[in-house]
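1. heads up, no residue letters with this:
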């Protein structure tokens, strides 16, 4: 992570506060696959909400995380508008979660990450969405072709 910070982040984005950036990266890997909420992460890292969003943009640009935006159609039934964030590498996710061996309950989360990586390889990063309704029914991935309802956002 130190080499990544020094080379990619500092040279490309000119971000400050390496300890807060590293803490945010760790928290995002631990929460990988969950709904993204900037406010609690800002508090945990001791930075502002706009700084969290800036750091998240840098992580997405350097392909450390995938941001999955919600698919929308009938807004009266769909309440989730926040994106989900996934770590791009299951090794990072396992490391930051402290997983040294896999338990049966860990396999589903890692499978979801693997499927997302494969979908991105085929479809591109901007066309994959997720869907969730008020009753918390969820579809992990929707391949929304460009120009289709719910894809442009």
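-> Arrived safely, thanks for sending. Since we're looking at a predicted model, the values are computed, not measured. Residues are numbered from 1 along each chain as shown.
2. contacts, neighbours, all on C-alpha from now
-> Will do.
3. ok, residue 35 to residue 84 distance?
-> 4 Å (Cα to Cα, to the nearest Å).
4. How about residue 119?
-> 15 Å.
5. Give me the contact list for the lengthiest helix in the chain.
-> Looking across the chain with DSSP state H, the single longest helix is helix 104-123. Residues outside helix 104-123 that contact it (Cα atoms under 8 Å, 6 or more residues apart in numbering): 33, 86, 87, 88, 89, 90, 128, 140, 141, 143.
6. Start and end of stretch 82-100, how far apart?
-> 31 Å.
7. Could you pull up the mean pLDDT of it?
-> In this model, stretch 82-100 carries a mean pLDDT of 92.
8. mind listing what's buried in that stretch?
-> 83, 84, 85, 86, 87, 88, 89, 90, 92, 93, 94, 96 (16 or more other Cα atoms under 10 Å).
9. Off-centre distance for it?
-> Relative to its parent chain, stretch 82-100 has a centroid offset of 9 Å by Cα atoms, centre = their mean, to the nearest Å.
10. circling back to that earlier point, restricted to strands, list the buried residues of stretch 82-100.
-> Of these, the ones assigned to strands by DSSP state E are 84, 85, 86, 87.
11. residues in contact with the nearest residue to residue 93 once chain neighbours are set aside?
-> Distance criterion Cα to Cα, 6 or more residues apart in numbering; nearest residue to residue 93, sequence neighbours excluded, is residue 29 at 5.0 Å. Contact analysis of residue 29 by Cα under 8 Å, 6+ apart lists 86, 87, 92, 93, 96, 97.
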